[in-house]
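J.: quick one, structure for this:
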Amino acid sequence: MSDTPLIELHEVRKTYNVGLPNAAEVLHGLDLSVNGGEFVALMGPSGSGKSTLLNIVGLLERMTSGSYRLQGEEMVGLDDGGLTLRRRRLLGFVFQFHHLLPAFSALENVTLPALMAEGRVSDAQRSRAKDLLDAVGLSAALNKRPSELSGGMQQRVAIARALVMNPPLVLADEPTGNLDTVSSDEVFQLLRRIHAERGTSFVVVTHDARLGARCDRLVELVDGQISSDEPVLAKDAA
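T.: Predicted coordinates:
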């Protein structure tokens, strides 16, 4: 694990409906840093600001005020095009619902980020996508469409898609929340294996305390503020 911060947030605030009578601040001056190679769980009750914070880290939403440095570069002030370029180059995303394109095969879904970023898929990127599908146990399902795959298999495709551009950071928002217990364990074990083998950093939002206890670090949010940020001392990372 690197001692150099991959992400650094300082005094981050987020207010919705700014200037209106129903304005609501949901993040209240957060400070958070994540080093390269960390596997961090982000937990807290519903409405605590977890998804909003993850969206800000993922450059999907702009903060109202504060500072956000990603790999040492300040994100505040970049235009939409600049944010899009950095999001495509530096970040991978896994969501509760896999958002696979139903008309695309598993392989085509995995190569979609490359297609969106460059307008084409190179032979090297297609080969990497095949390797990733093999790594997540789906080498026999390259040409199958999402409707032909189980929920756990679809989420595995989504994980391969998140990794195809080789991002240093993957953000996962309730990645096992739509799966049964067995599939949830399998997907989580896969994330941990990718982290161990590739050194990819993960920030995972979860309501599942059992999964949070299997991460390396647990950050808890309550009412838009970080209430605790501690290493997980006893965990089963397998």
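
J.: quick one, longest helix in this structure?
T.: With secondary structure taken from DSSP state H, the chain has its longest helix at helix 181-198.

J.: next up, the contacts around the most centrally placed residue in the chain.
T.: When the chain is reduced to its mean C-alpha position, the nearest residue by CA atoms, centre = their mean turns out to be L171, at 1.1 Å. With contact taken as CB atoms under 8 Å, 6 or more residues apart in numbering, L171 is in contact with L54, V57, G58, L91, G92, F93, V94, F202, V203. The C-beta positions use only the backbone N, C-alpha and C, and glycine is treated the same way.

J.: same check, this time on P167
T.: Counting by CB under 8 Å, 6+ apart, P167 touches R89, L90, L91, G92, T200.

J.: cutoff 6 Å now
T.: Shown here is P167, whose contacts under the criterion CB atoms under 6 Å, 6 or more residues apart in numbering are L90, L91, G92.

J.: filter those residues down to the buried ones and hand me the ChimeraX line.
T.: With 16 or more other CB atoms under 10 Å as the criterion, this ChimeraX line picks the buried residues out of the contacts of P167:
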select :90,91,92
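
J.: related to what we said a few turns ago, what's the next secondary structure element after the longest helix of the chain?
T.: The C-terminal neighbour of helix 181-198 among helices and strands, as given by DSSP states H and E, is strand 201-205.

J.: how near is D216 to E186?
T.: The gap separating D216 from E186 is 20 Å, by CB to CB, to the nearest Å.

J.: can you give me the strands in this structure?
T.: Listed in chain order, the strands of the chain (DSSP state E) span 5-16, 24-35, 39-43, 65-70, 73-74, 91-95, 169-173, 201-205, 217-222, 225-231.

J.: in TSV, list those along with mean pLDDT and distance to P113.
T.: Formatted as TSV, these follow (pLDDT from 0 to 100; distance: least, CB to CB, whole Å):
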stretch	mean pLDDT	distance to P113
strand 5-16	94	19
strand 24-35	93	22
strand 39-43	93	22
strand 65-70	95	18
strand 73-74	94	21
strand 91-95	87	8
strand 169-173	91	12
strand 201-205	92	17
strand 217-222	94	27
strand 225-231	92	31
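
J.: need those strands in JSON lines (columns: distance to I159).
T.: Written out in JSON lines, the entries for the strands of the chain read as follows (distance: least, CB to CB, whole Å):
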{"stretch": "strand 5-16", "distance to I159": "19"}
{"stretch": "strand 24-35", "distance to I159": "19"}
{"stretch": "strand 39-43", "distance to I159": "14"}
{"stretch": "strand 65-70", "distance to I159": "21"}
{"stretch": "strand 73-74", "distance to I159": "26"}
{"stretch": "strand 91-95", "distance to I159": "6"}
{"stretch": "strand 169-173", "distance to I159": "8"}
{"stretch": "strand 201-205", "distance to I159": "11"}
{"stretch": "strand 217-222", "distance to I159": "20"}
{"stretch": "strand 225-231", "distance to I159": "25"}
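
J.: so which of the ones you listed gets nearest K144?
T.: For K144, the closest of the strands of the chain is strand 91-95, at 19.4 Å, according to CB to CB.

J.: T176: what's it in contact with?
T.: Applying CB under 6 Å, 6+ apart, one finds that T176 lies in contact with S184, V187, F188.

J.: ok, G92 next?
T.: Residues A162, L163, P167, V170 are the ones in contact with G92 under the rule CB under 6 Å, 6+ apart.
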